[in-house]
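>>> Provided below are the primary sequence and the corresponding predicted coordinates.
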Amino acid sequence: MSLDTRARQHNAPPRIHPNYPRRMRLADSLQILAVVSVALVVAVFLADGGAARISTPADAITALGIVTGLVGTDLLLVMMLLAARLPAIDRAFGHDSAMALHQSLGKPALYLILAHAVLLTIGYALVQPAGFFDEVWIMFSSLPDMPLAFLGVGLLIAVVITSLVIVRHKFRYEVWHLVHLLSYVAVLVAIPHQLSVGTLFREGSLQRYYWLALYAGVAGSIILFRFIVPIVRSLRARLTVVGVDQEARGVVSIRLSGRQLRSLKAKSGQFFIWRFWTPGLWWQAHPFSLSAAPTHNSLRITVRGLGDASSALPRVPVGTRVSFEGPYGLFTDFARTSPRIVLIAAGIGVAPIRSLLETATFAPGQATVLLRSSTVDDTYLVDELAALCRARGAELRIIAGKRAPGTSSWLPGDAVQARITLATLVPKLREADVYICGPRKWTDEVVRDARSAGLPTRQIHFERFDW
Amino acid sequence: MRARAVSLATLASLSVLAVGWQVGAQANASMQALSAPQAAPATIPAPSAGPATPTPTASAPAVSGPATVSAGSTAPAVAPAPAAPAPVAPAPAAPAPAARPTGTFTGSTVQTRFGPVQVSVTIANGTITEVTALQLTNDGGRSVAISAQAAPILRSEVLSAQSAKVSNVSGATYTSKGYTTSLQAALDTAGF
């Protein structure tokens, strides 16, 4: 793919966003760091003579058990870093991709930890010799800190299983979040047995300091970027609701006013996780994208009363204090790689598209906005979009119409029959960055269409805020 | 991940693993070199397998030398010598040889889940001067490594504490327990 990039550099017009290679270098470095961190714990085990000591099958099983525990725990720490809102990770991958990676590591990490427990029990049982369940009891009752370690495994199983089940059945976000917090407990209660039962991290050894430094680094990142930074920013910005404008039935734009907002370095297209401090809303925090370019003293979001929290938002009183985490996300001009831009929105996904259109870099005639809806009236912020398109020389197309039942296209049924695709809708699509925001399934279909039109991954941008 | 990132990550990981392997191999070689002389004395007392067989090594010079030292250290301020050891030993005259045993005493073999542990203790005139591990947990390479690591720590702890009541070496709980149990048995036979 990198070869392809270089070839295009010579033929295509000069790239308008030189930060793409810089971002990719950052992404590469972070990915390499994550992979090497796994190799490093295995190397620590080898350096301690872990492999050279193997002489019997029981040794081999025990050694494998130790390695799976080390790698599994390292993956757990990587997962926690991915969810820690590290600025570097957000800048390189975006919140969405980071969380997708976090999610995909969950099961492998659990399997490794389970393998760790099972293999070590078998390895110890062979040496004893004892039956598997006898050995479990022996470990539980006689090895130091093992009850806590067993608790950790139990919690981890509970967290992963409930995560899968809850995501599948769309439980309340708060329930999922509470269960998820248990994973921090699971990771913490596993620490004592790592230091006391195994000899790898024995007192005074270099690897013990490395291992503890890993934990300290992850814990520090979580505390700093998930708690301290949002609290400090919220206190400094002093955001309050200054206006609630009805856009359509159940859809409102909330105007917020604050101070020193430049220091947030928020960009059009990004989202914050908001908390409105009213009696009914303060306990819920929800992600909403900016629907207008941020200024030094104002922000605006546009929300639809969908979930439990946002249904009460249209009635949020003026003067309500607002705290926030963010800004997050790579759904911005920062991620651009090409001179042209195509913005595609459906439903309330129009919000970040609207703010992007306001500030994205493009010459007149180089931008296309596609607004997808079931009926012509079923669109939000259309007047603002039309005005912006006129002012900036962008083309606005509203694609209304029901999808044909049983088909999987993001376009209306008649458009599909007429063999209309993204490539036929947008001239010079190959020279454009495509930004897509809408419901999850619809987004997937647009992405598929863009890919089949030959667009490389780096030119397709989408972000989902469903957790 | 881009191809470049994949290849760099693979390269870096492999080199890290190679370094780890190399260090491990070296550490293991040096550990075997260390444990070899430790194993040697362990086999020598084994033939004199009788429990609590006092070996008559250096008993005569040891009596005069450490005796004065220990007397001075136990009762530095108290002038009457026979009165001072009274709280320690029930009878002043008769248990004197028992209270200051000399010789090498072998402890019982303690079975642990990682194998048998047995130690012998050398006492010179009431002072523990040496603890030798005759058998250490040896089932599986991991246990050997743990034992090899724990034994010197336990030995120095015993020598400074002058008793079998020392704390377990973390990570070598079984070895520690077997070690101290066997040692206590040896000390009991010695009447220490």
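Now that the structure is in, tell me what you want to look at.

>>> check which helix or strand covers B:Ser163.
Assigned by DSSP states H and E, B:Ser163 belongs to no helix or strand.

>>> name the SS class of the residue nearest to it when sequence neighbours are not counted, please.
Once flanking residues are discounted, B:Ser163 sits nearest to B:Leu187: 7.5 Å by CB to CB, 6 or more residues apart in numbering or on different chains. All C-beta spots, glycine's among them, are computed from the backbone N, C-alpha and C. Here B:Leu187 is recorded as helix under DSSP: H, G, I helix; E, B strand; the rest coil.

>>> so which strand or helix has the most far-flung residue of chain A relative to its centre?
Using CA atoms, centre = their mean, the residue of chain A lying farthest from its centre is A:Pro129. It sits 47.0 Å away. A:Pro129 belongs to no helix or strand when elements are defined using DSSP H and E.

>>> quick one: it and A:Ala292, what's the gap?
Here the criterion is CB to CB, to the nearest Å. By it, A:Pro129 lies 71 Å from A:Ala292.

>>> just the pLDDT for A:Pro352.
If you check A:Pro352, the pLDDT there is 95.

>>> surely it and A:Ser289 touch.
Yes - here A:Pro352 reaches A:Ser289: they are 3.8 Å apart, a contact under CB atoms under 8 Å.

>>> shared neighbours, these two?
By CB atoms under 8 Å, 6 or more residues apart in numbering or on different chains, A:Pro352 and A:Ser289 have these common neighbours: A:Gly269, A:Gln270, A:Phe271, A:Phe331, A:Cys437.

>>> on that earlier part again, the residue nearest to B:Ser163: neighbouring residues, count only.
For B:Leu187, the count of nearby residues is 21 (other CB atoms under 10 Å in any protein chain shown).

>>> name the nearest residue to the residue of the stretch 301-450 of chain A found nearest chain B, sequence neighbours excluded.
When scored by CB to the nearest CB, the stretch 301-450 of chain A has A:Thr337 as its residue closest to chain B, at 13.6 Å. Of all residues not flanking A:Thr337 in the chain, A:Tyr20 sits nearest, at 4.7 Å (CB to CB, 6+ apart).

>>> where's the spatially closest residue to A:Ala47 that is not a sequence neighbour, which helix or strand?
In this structure, A:Ala47 finds its nearest non-sequential neighbour in B:Val23, 3.8 Å apart by CB to CB, 6+ apart. Counting by DSSP H and E, the element that carries B:Val23 is helix B:3-43.

>>> just A:Gly326 next, same as before
strand A:321-328.

>>> buried stuff in stretch A:264-280?
A:264, A:266-276, A:278 (16 or more other CB atoms under 10 Å in any protein chain shown).

>>> and the strands in the chain?
In the absence of a named chain, chain A is used. A:239-248, A:251-257, A:271-276, A:286-289, A:298-304, A:321-328, A:340-346, A:367-373, A:394-400, A:432-437, A:460-462 (DSSP state E).

>>> that's the other chain; I wanted chain B
Counting by DSSP E, the strands of chain B are B:103-106, B:110-112, B:115-124, B:127-135.

>>> could I get the contacting residues of the residue nearest to A:Thr337?
The contact partners of A:Tyr20, taken as CB under 8 Å, 6+ apart, are A:Ala335, A:Arg336, A:Thr337, A:Arg458.

>>> and the residue of chain B nearest chain A?
Nearest residue of chain B to chain A: B:Gly20, at 2.7 Å (CB to the nearest CB).

>>> quick check: that residue touching A:Gly49?
No - between B:Gly20 and A:Gly49 there is no contact under CB under 8 Å: 10.1 Å.

>>> how about the residues of the stretch 151-300 of chain A by chain B?
A:Leu195, A:Ser196, A:Val197, A:Gly198, A:Thr199, A:Arg202, A:Glu203 (CB under 8 Å from any CB of the partner chain).

>>> the fifth one and B:Thr173 touch, don't they?
No - here A:Thr199 does not reach B:Thr173: they are 10.9 Å apart, not a contact under CB under 8 Å.

>>> where does the stretch 1-150 of chain A have low pLDDT?
A:1-17 (pLDDT under 70).

>>> tell me the contacts of whatever residue of it ends up closest to chain B?
Going by CB to the nearest CB, chain B is nearest to A:Ala43 of the stretch 1-150 of chain A, at 2.7 Å. Listed by CB under 8 Å, 6+ apart, the contact set of A:Ala43 reads B:Val16, B:Leu17, B:Val19, B:Gly20, B:Trp21.
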